[in-house]
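*Asks:* Task: produce atomic coordinates for the following.
(3 chains)
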Amino acid sequence: MNVDETTASVERAFAKPLPRRFFDRPTRRVARELLGKTIVRRSGARWRAARLVEVEAYLAGDPASHAFRGPTPRNASMFGAPGTLYVFRIHQVVCANVVTQRGEAVLLRAGSLPEGSSGNPSGPGRLCRYLGITRSDDGIDLVRSQTRLLDGPPPTEPVRTAPRVGISRAKERRLRYLLWGNPWVSRPRPWGRRPPAQRSLAQA
DNA sequence: TCATTGATTTGCT
DNA sequence: GCAAATCAATGAT
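*Replies:* Predicted coordinates for the structure are as follows:
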């Protein structure tokens, strides 16, 4: 889905979300392939969308995962069907994950804005704030609800991995996936002071 | 019931 | 770059 599309074409795309089998695959693969996909939230004729530019994988047996110690009231939706949304609160902020296989999920860390939209979806909390995701969205089905993931053209930027952000355990695992050079990737950005290529600025 | 901790963000130095 | 904000889920007592 592209940034300058009309509501009509959003509706068309909305009718064909990523199928459940997309999510029911090894989590790292889903994470990598979620880059460039678009998350859309619709309420009536209004909609908001972001093209994912940064995610993190949380795996079974992963001490950094909320599911590491098994199901609890908070993480229950991580054990739901593939394509379930897992929303949790951290400090004063909510973050959203896409459930893949049982007890595993992909944290949505940052997106880029459709042309003409304003907001700041650069960061897990900011992305949820931009999309209007709240705790009450925990457990919704991304295949059938008014919040969906839509396919799109493959990213032009290279996909790179990096250590995950803000965790205290399993810090060394490179389970953060991002579009290299994309200005919407949240901090810390793995490239330096300046963007690695002018070309990537066109992706904003 | 109590203490600890955190998949963040913001603002200040 | 670093620390404070701020609160509920979680695990320990």
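
*Asks:* residues of stretch A:102-112 that come out buried?
*Replies:* A:103-112 (16 or more other CB atoms under 10 Å). Any C-beta I mention is one placed from the backbone N, CA and C, and that applies to glycine too.

*Asks:* before we move on, what SS does the residue of chain A found nearest DNA strand B have?
*Replies:* The nearest approach of chain A to DNA strand B comes at A:Gly166, 1.7 Å away (CB to the nearest atom of the strand). Following DSSP: H, G, I helix; E, B strand; the rest coil, we place A:Gly166 in the coil state.

*Asks:* before we move on, back to that, which ones among the buried residues of stretch A:102-112 also lie next to DNA strand B?
*Replies:* When contact is defined as CB under 7 Å from any atom of the strand, these meet DNA strand B at A:105, A:107.

*Asks:* A:Glu11 belongs to a helix?
*Replies:* Yes - with three-state DSSP as the criterion, A:Glu11 is located in a helix.

*Asks:* Next, count neighbours for it.
*Replies:* Look at A:Glu11: counted by other CB atoms under 10 Å, it has 13 neighbours.

*Asks:* buried residues in the worst-scoring helix or strand of chain A on mean pLDDT?
*Replies:* Least confident helix or strand of chain A, by mean pLDDT, DSSP states H and E, is helix A:7-14 with a mean of 84. For helix A:7-14, the neighbour count (16+ other CB under 10 Å) marks A:10, A:13-14 as buried.

*Asks:* Before we move on, what's the pLDDT of the one residue sitting closest to the centre of chain A?
*Replies:* By CA atoms, centre = their mean, chain A has its centre lying nearest to A:Leu108, at 2.6 Å. With respect to pLDDT, A:Leu108 has a value of 98.

*Asks:* Ok, the one 4 residues further on next?
*Replies:* A:Ser112 is assigned a pLDDT of 97 by the prediction.

*Asks:* That one contacts A:Glu54, doesn't it?
*Replies:* No - shown here, A:Ser112 and A:Glu54 do not form a contact pair, counting by CB atoms under 8 Å, at 9.7 Å.
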